[in-house]
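J.: Sharing a model prediction with you, sequence too.
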Amino acid sequence: MTCKICCCVASVLQVVLSVFLVLLTAACVTLAVVLVTVLNEGTTGPGLTPPPPSAPPSAPTYLLGLGRADCTGPPAEVPLMGYAQSGQTAAGIHTRLYSRAFIVDDGEKRVVFVTADIGMVSQRLRLEVMKALKLKFGSLYHRGNVVLSGTHTHCGPGGYFQYTLFMLSTKGYIKTAVEPLVDAIVKSISLAHENMRPGHIYRNSGNLQNSSLNRSPHAYHNNPQDERDRFSENTDNQVTILKFTDQDGDGIGVLSWFAVHAVSMNYTNRMVSSDNMGLASVLMELDKNQGLPGEGRFVAGFSSSNLGDVTPNTRGPYCANTGLKCDYINGSCPVGGTKQCQNVGPGDDMFESTRIIAEKIYRKTKELYSTAVEEVTGPLYFAHQWVDMSNVSVKINKTHTASTCKPALGHSFAAGTTDGGGDLNFTQGMVEGDPFWDGIRDALVGPPSNETQDCHRPKPILFSTGEMSWPLPWHPTIIDVQMLVLGSVAILAVPGEITTMSGRRLRAAVKQELQSHGAFEDLQVVIAGLSNVYTHYITTYEEYQLQRYEAASTIFGPHTLSAYIQKFTELSRAIREGSEPDSGPEPPFFEKLFNLLPAATTDRKPDNTSFGDVLEQVYPLYRPGDVASVTFVSGNPRHSGDIRDRTFITVERFNNDSDSWGVVHTDASWETRFHWLKGADRRSNATVQWFIPDSAPSGIYRIRHFGHYKEIKNFRPVIQAFTGQSEAFTVSRGYYSAT
Ligand code: ZN
């Protein structure tokens with residue numbers, strides 16, 4: 001089974017069909033489906049004007065508050081959200097996930113931007129966060145001034161959706177996955193709120209090469225020649241940053257936008273991971289803060305942007321079975337179809353690729369941060385509207401109008417992308433339906449209406465999700481459009497994965513509208529992707545005609561982008577004129593959601609062992625570059641409850657001076673991998689790997705594991721804590737050099 005909720009999705013069909021079959025036979029359930037993103041500004045950055053050599057710091061411009069909170073959810077059995085692979089359930093932790101909040105106040109208005117290490121922000125998640133904010137802060141933070149954006153990691157726990165398609169792919173609405181997300185986002189905003197202080201914001205931007213690749217160049221090439229000629233690349237290679245300082249000029253944080261999918265980690269990974277964008281954040285924060293990941297006051301948010309057609313796997317698509325290039329038009333291989341066609345690189349495996357891309361984005365951001373001198377000044381603005389996106393009348397020229405459509409997915413949605421293709425015989429670029437699959441679809445859920453088919457042409461409809469409402473609507477129709485303006489920077493919160501050229505058009509339209517009456521000079525517009533509600537992809541009208549995966553997943557039809565441009569232009573006009581847009585129709589908040597994830601069972605252990613006992617011991621001696629590994633008798637990590645700000649593992653070094661052990665890594669560290677392996681008969685193991693870095697000092701180390709298990713005592717389930725630790729071992733740099 002395959003697919004990517006966001007980017008890929010091939011097994012969506014398989015999953016959906018399975019689900020229907022299961023439901024029809026009144027059995028239990030399984031499986032799968034879909035998803036995607038956004039960012040940044042035009043092709044030229046703001047001009048860098050060097051400051052006078054000894055310019056005194058100007059008076060503080062804004063009140064600034066930054067906060068970061070651990071948002072890691074249950075790292076076991078919960079489906080990871082992104083590839084829609086039914087077998088890709090959480091089984092450990094690669095890196096932790098964080099929500100990072102930035103609050104700016106100009107004395108009159110206040111805006112909040114949150115970037116969180118999650119696949120996307122769902123409507124349900126946003127509604128729950130807004131409720132919690134209202135409870136805590138009254139009317140201070142509201143739908144208008146709070147933007148929530150996801151980094152688009154495909155390795156974060158799902159379960160935070162209220163629409164059927166997404167719920168099927170992540171085993172329904174999982175309270176234990178939703179609560180830590182909501183609490184952490186609110187906590188990051190609360191921390192930012194509590195440390196508001198006078199300060200400055202500076203903007204900067206620059207190009208970053210060799211870190212992204214257009215994964216649907218065939219579709220991009222269908223955009224008008226004169227439009228393409230204005231850009232040297234078929235992806236936006238610009239990194240745009242905002243540098244935050246206190247009133248003395250000391251850095252307190254950075255917000256960075258770069259348009260690339262967080263899919264360096266592929267669908268074979270089972271560990272919770274923040275992927276390339278999350279690692280970039282951690283690298284920047286470790287550079288500025290002392291200590292472990294997640295610690296320290298410096299906050300570095302790396303946000304998604306117009307990444308709809310942008311892969312980080314920069315060697316491009318090859319057939320995994322033959323090593324030959326994939327078919328350019330439909331992204332498939334002669335043998336094995338779309339599943340075999342995979343984007344690879346730049347590293348030799350997904351971990352190395354993640355590290356390489358993260359380091360590139362981080363280093364570019366750090367360079368831009370250290371050279372940022374152009375201060376952002378001017379008032380703050382925000383505008384928000386709910387829009388029924390299934391029925392927006394769009395002016396396509398002076399005499400003609402067209403309309404957006406009820407949501408529907410095309411056949412090529414089931415093909416997935418070259419970052420994770422589907423298992424079935426779908427390919428990208430399908431502009432004709434497949435009678436076989438159409439027949440099955442019709443028998444199970446009925447055909448799409450003629451109206452919807454006409455509206456979506458040339459998309460052959462696989463699932464007419466806008467006409468499917470059992471047990472709950474399959475897709476949202478009411479979506480958020482929202483933008484913030486911080487002086488000379490406009491942030492567009494786009495509720496989906498918008499492609500490169502689509503993003504350029506949207507930014508240009510907003511810029512033109514805001515500047516149409518002489519104000520907002522030198523404005524920079526960035527796109528924050530995967531914001532507020534998830535609606536899959538947004539392509540240009542021309543890209544849509546070719547029905548690559550991104551177009552098949554443009555759920556509101558061929559005029560989706562035009563509708564967004566119209567709506568964001570209206571928001572821009574409202575900002576320019578000082579008016580407030582209508583709130584629009586309020587999205588639903590469904591009370592009765594389904595949950596398909598069974599409760600975690602009790603744990604068992606091998607005879608004559610205890611939880612935390614070592615099954616496979618470390619070696620006595622390692623050198624930098626080696627991997628220290630130890631396996632423990634373990635319990636289901638779901639029994640550990642809310643795991644935020646805790647760790648399942650530590651790597652500790654013995655300090656001779658203090659005669660004590662000190663923690664050098666946790667499960668948040670890039671250098672460690674915590675694998676939870678569920679075995680037969682409710683037994684499970686935890687294997688902890690420490691990839692010993694070249695920087696590790698010689699010394700005596702040990703690895704510890706912390707967990708919980710559930711057992712039945714006196715006929716009642718009881719959860720008990722346990723710890724385990726490896727034997728002490730030596731890391732010797734001398735040993736390394738001697739060999
Ligand atoms: Zn995506």
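T.: Arrived safely, thanks for sending.
J.: Need phi/psi at residue 657.
T.: Dihedral angles of residue 657 (phi, psi; degrees, to the nearest 10) stand at phi -60, psi -40.
J.: What count of nearby residues applies to it?
T.: 5 (other Cβ atoms under 10 Å). Just so you know, the C-beta spots here come from the backbone N, C-alpha and C atoms, and that holds for glycine as well.
J.: ok, now how distant is it from residue 699?
T.: The gap separating residue 657 from residue 699 is 12 Å, by Cβ to Cβ, to the nearest Å.
J.: Contact partners for residue 81?
T.: By Cβ atoms under 8 Å, 6 or more residues apart in numbering, the contact set of residue 81 is 5, 35, 118-120, 154, 156-160, 169-170.
J.: Now rank these by neighbours and give me the top one.
T.: Greatest neighbour count in those, by other Cβ under 10 Å, goes to residue 120: 37 neighbours.
J.: any low-confidence regions in this protein?
T.: Counting by pLDDT under 70, the chain shows low-confidence ranges at 1-58, 735-739.
J.: Pick out the residue nearest the middle of it.
T.: For the chain, the residue sitting closest to the mean C-alpha position, by Cα atoms, centre = their mean, is residue 152 at 1.6 Å.
J.: Now that residue 300 has come up, it's in contact with residue 253, right?
T.: Yes - using Cβ atoms under 8 Å, residue 300 is in contact with residue 253, at 6.4 Å.
J.: Those two: who's more crowded?
T.: residue 300 (30 against 27).
J.: which secondary structure elements does the longest strand seen in the chain contact?
T.: Longest strand of the chain, by residue count under DSSP state E: strand 699-713. Where contact means 3 or more Cβ pairs under 8 Å, 6 or more residues apart in numbering; DSSP states H and E, strand 699-713 is packed against strand 627-634, strand 649-655, strand 684-691, strand 716-725, strand 729-731.
J.: So which elements touch the last one?
T.: If contacts are counted by 3+ Cβ pairs under 8 Å, 6+ apart, strand 729-731 sits against strand 621-622, strand 699-713.
J.: Next, the residues that contact that strand from outside, please.
T.: With contact meaning Cβ under 8 Å, 6+ apart, strand 729-731 is reached by 618-624, 628, 692, 696-702.
J.: How about residue 509, nearest residue that isn't a chain neighbour?
T.: residue 565 (4.7 Å; Cβ to Cβ, 6 or more residues apart in numbering).
J.: Helix, strand, or coil at the one you found?
T.: Using DSSP: H, G, I helix; E, B strand; the rest coil, the structure places residue 565 in helix.
J.: you'd agree it is up against residue 507?
T.: No - at 9.9 Å, residue 565 does not count as touching residue 507 under the criterion of Cβ under 8 Å.
J.: the strands in the stretch 401-550 of the chain, which residues?
T.: Counting by DSSP state E, counting those that start in this stretch, one finds strands in the stretch 401-550 of the chain at the ranges 401-403, 409-410, 416-417, 420-421, 461-463, 478-486, 489-493, 497-498, 524-528, 537-538.
J.: Could you do the stretch 201-350 of the chain as well?
T.: In the stretch 201-350 of the chain, the strands defined using DSSP E, counting those that start in this stretch lie at 213-214, 238-246, 251-257, 299-303, 310-311, 316-319, 341-344.
J.: Make sure residue 112 is actually in contact with residue 147.
T.: Yes - counting by Cβ under 8 Å, residue 112 touches residue 147, with 6.9 Å between them.
J.: what about residue 299, how many residues close to it?
T.: Using other Cβ under 10 Å: residue 299 sits among 28 other residues.
J.: Residue 550 versus that one, what's the distance?
T.: Counting by Cβ to Cβ, the separation of residue 299 from residue 550 is 32 Å.
J.: so what's the residue nearest to residue 509 up against?
T.: 505-506, 509.
J.: now do residue 94
T.: Residue 94 neighbours (Cβ under 8 Å, 6+ apart): 155, 265, 269, 271-273, 673-674.
J.: and the nearest residue to residue 164 once chain neighbours are set aside, what does it touch?
T.: Excluding the flanking residues, the one nearest residue 164 by Cβ to Cβ, 6+ apart is residue 474, at 4.3 Å. Neighbouring residues of residue 474 by Cβ under 8 Å, 6+ apart: 163-165, 407, 463, 465-466, 468.
J.: If you go by neighbour count, which of the residues you listed are buried?
T.: The neighbour-count test (16 or more other Cβ atoms under 10 Å) marks 163-165, 407, 463, 465-466, 468 as buried among those.
J.: For stretch 617-629, measure first residue to last.
T.: End-to-end distance of stretch 617-629 (Cα to Cα, to the nearest Å): 7 Å.
J.: Give the burial count for residue 268, as a bare number.
T.: What residue 268 shows, counting by other Cβ under 10 Å, is a neighbour count of 12.
J.: Tell me which residues of stretch 576-588 come out buried.
T.: Using 16+ other Cβ under 10 Å as the test for burial, stretch 576-588 gives 576, 581, 584, 587-588.
J.: Any idea how far the longest helix seen in the chain is from the middle of the chain?
T.: Assignment by DSSP state H gives helix 350-371 as the longest helix of the chain. Here the centre of helix 350-371 is set off from its chain's centre by 17 Å, with Cα atoms, centre = their mean, to the nearest Å.
J.: Would you mark the buried spots in it?
T.: Applying a neighbour-count criterion of 16+ other Cβ under 10 Å, one finds 350-351, 353-358, 360-366, 368-369 buried in helix 350-371.
J.: again, but for stretch 586-601
T.: Buried residues in stretch 586-601, counted by 16+ other Cβ under 10 Å: 587-588, 590, 593, 596-597, 600.
J.: Format those residues as JSON lines; extra columns: distance to residue 206 and secondary structure.
T.: What follows is those, written out as JSON lines (distance: Cβ to Cβ, whole Å; DSSP: H, G, I helix; E, B strand; the rest coil):
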{"residue": "587", "distance to residue 206": "38", "secondary structure": "coil"}
{"residue": "588", "distance to residue 206": "43", "secondary structure": "coil"}
{"residue": "590", "distance to residue 206": "44", "secondary structure": "coil"}
{"residue": "593", "distance to residue 206": "44", "secondary structure": "coil"}
{"residue": "596", "distance to residue 206": "46", "secondary structure": "coil"}
{"residue": "597", "distance to residue 206": "44", "secondary structure": "coil"}
{"residue": "600", "distance to residue 206": "48", "secondary structure": "coil"}
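J.: what would the strands of the stretch 201-350 of the chain look like in CSV with distance to the ion?
T.: What follows is those, written out as CSV (distance: least, Cβ to the ion, whole Å):
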stretch, distance to the ion
strand 213-214, 14
strand 238-246, 19
strand 251-257, 16
strand 299-303, 14
strand 310-311, 9
strand 316-319, 16
strand 341-344, 12
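J.: Mean neighbour count, those: which tops it?
T.: Highest mean neighbour count among those (mean count of other Cβ atoms under 10 Å): strand 299-303, with a mean of 31.
J.: what lines up beside that one in the sheet?
T.: Under the criterion DSSP bridges, strand 299-303 sits next to strand 251-257 (parallel) in its sheet.
J.: Report the angle between the partner strand and strand 524-528.
T.: 80 degrees (axes from the mean of the first three to the mean of the last three Cα atoms, to 10 degrees).
J.: Just the CA atoms of strand 251-257, as PDB, please.
T.: Output of strand 251-257 as PDB, limited to C-alpha atoms (Å, rounded to 0.1, in the frame of the first residue of the first chain):
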ATOM      1  CA  GLY A 251      19.200  38.000  18.200                       C
ATOM      2  CA  ILE A 252      16.300  36.200  19.700                       C
ATOM      3  CA  GLY A 253      15.000  34.200  16.700                       C
ATOM      4  CA  VAL A 254      14.500  33.800  13.000                       C
ATOM      5  CA  LEU A 255      11.700  32.800  10.700                       C
ATOM      6  CA  SER A 256      12.800  31.300   7.400                       C
ATOM      7  CA  TRP A 257      10.700  30.300   4.300                       C
END
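J.: Can you name the residues in contact with it?
T.: By Cβ under 8 Å, 6+ apart, the list of residues contacting strand 251-257 reads 39-41, 64, 66, 102, 113, 115, 199, 239-246, 280, 284, 288, 297-305, 361, 365, 368-369, 526-528.
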